[in-house]
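Asks: quick check, what structure comes out for this input:
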Amino acid sequence: MFDAADALATWIGLTLTGATLVAAALAVPAAPPPDATAAAATIDRVAVSDYDASAHRHLDADAVRVTPRSVGLRGSGGTASAALVARVVPVPPDGPLAAVLAGRDPALVFDTGVELVRAVAAARARAPVWRAAETLRVRHLAWRGIDVVLVG
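Replies: Here you go, the predicted structure:
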């Protein structure tokens, strides 16, 4: 038989179950995570080119993070990352590498190949950070015996 104690315990149990179901429903993201695999495919396609090549890809993400071996995208649906086949140079938005990534002739930016090598080493040594971006740019560059893939 039900008495007041059983009814109270049942009511509390149903309330907790309902609250748990509501919390679980609210935790499901409204949108899928960004497609990091497609961004990585764009980078790898340019990286394996036998010639100087470049590409850009529109990102359906709020931020991007590039490391020498991966690309990550963050958006309202969560965060996604993908590994890269090639080792790349994450280019900061300022500086000489950004100008080369944007299409400028490296001979107009760097006096020697050694300067380019130093800029590449410094860019790879930087800690990866999330940056707001709408477009991902990729450039495969072979200049004065130096072969690099710039990504920013």
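
Asks: only C-alpha atoms from now on, for both contacts and neighbour counts.
Replies: Will do.

Asks: my guess is Ile43 meets Val138, correct?
Replies: Yes: if you go by Cα atoms under 8 Å, Ile43 and Val138 touch, sitting 6.1 Å apart.

Asks: report the set of residues contacting both of those two.
Replies: Val151 (Cα atoms under 8 Å, 6 or more residues apart in numbering).

Asks: hmm, who's touching the helix or strand containing Ala82?
Replies: Using DSSP states H and E, Ala82 sits within strand 78-83. Identification of contacts with strand 78-83 by Cα under 8 Å, 6+ apart yields 29, 32-37, 40, 69-74.

Asks: need the max-distance pair from those residues.
Replies: Using Cα to Cα, the contacts of strand 78-83 reach their maximum pairwise distance at Pro29 and Arg69, which is 27.5 Å.

Asks: those two - which one has more neighbours?
Replies: Arg69 (15 against 11; other Cα atoms under 10 Å).

Asks: quickly note the distance from that one to Ala107.
Replies: Relative to Ala107, Arg69 is positioned 27 Å away (Cα to Cα, to the nearest Å).
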